[in-house]
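> The sequence and its predicted three-dimensional model are supplied below.
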Amino acid sequence: MIYEEDYIKFDIDSKTNYIFTSIPYDKNWEVKVDGEVVENIKKTADALCLLEVEPGSHTIEFAYKQNSITTGFVTT
């Protein structure tokens, strides 16, 4: 497992079609499952990220992509 402020990577063996996380949902997360970008991150409990996968072993990556307008505003 790799855990940084804006990046999380972990391996998981899923027995179901869903991976429930405790990672708060945010539209700025870029999520990859086995290196492929997930286009439709679902939200569970109206707050947390939910991923739909095939059962089996997977490598999951969350990379937080800052909005460039916000970043520019904060740095000026």
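Noted; the coordinates are in hand.

> Name the spans of the chain whose pLDDT lies under the cut-off.
68-76 (pLDDT under 70).

> give me that answer again for 90
In the prediction, the chain carries residues with pLDDT under 90 at positions 40, 46, 66-76.

> need the helices for it, in chain order.
Listed in chain order, the helices of the chain (DSSP state H) span 68-75.

> quick one: the strands in it?
Assigned by DSSP state E, the strands in the chain fall at 2-4, 7-14, 18-24, 29-33, 36-37, 42-44, 48-52, 56-64.

> Parallel or antiparallel, list what pairs with the shortest one.
Spelled out, that is strand 36-37. Pairing partners of strand 36-37, with direction, according to DSSP bridges: strand 29-33 (antiparallel).

> returning to that earlier point: adding mean neighbour count, write the strands of the chain out as a markdown table.
In this view, the C-beta of every residue, glycine as well, is placed from N, C-alpha and C. Conversion of the strands of the chain to a markdown table gives the following (neighbours: other CB atoms under 10 Å):
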| stretch | mean neighbour count |
| --- | --- |
| strand 2-4 | 9 |
| strand 7-14 | 13 |
| strand 18-24 | 14 |
| strand 29-33 | 17 |
| strand 36-37 | 9 |
| strand 42-44 | 13 |
| strand 48-52 | 17 |
| strand 56-64 | 15 |
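
> Just confirm Asp34 contacts Glu54, I think it does.
No. Taking contact to mean CB atoms under 8 Å, the distance of 9.7 Å between Asp34 and Glu54 leaves them out of contact.

> Overlap in contacts, these two.
Counting by CB atoms under 8 Å, 6 or more residues apart in numbering, no residue touches both Asp34 and Glu54.

> if I read this right, Asn67 contacts Asn28, doesn't it?
Yes. With contact defined as CB under 8 Å, Asn67 counts as touching Asn28 (6.4 Å).

> wait, what's in contact with the closest residue to Thr44 other than its chain neighbours?
Excluding its sequence neighbours, the residue lying closest to Thr44 (CB to CB, 6 or more residues apart in numbering) is Leu50, at 4.1 Å. Leu50 makes contact with Tyr18, Ile19, Phe20, Thr21, Ile41, Lys42, Lys43, Thr44, according to CB under 8 Å, 6+ apart.

> Determine which two of those are furthest apart.
The two members of the contacts of Leu50 with the most space between them (CB to CB) are Ile19 and Lys43, at 13.3 Å.
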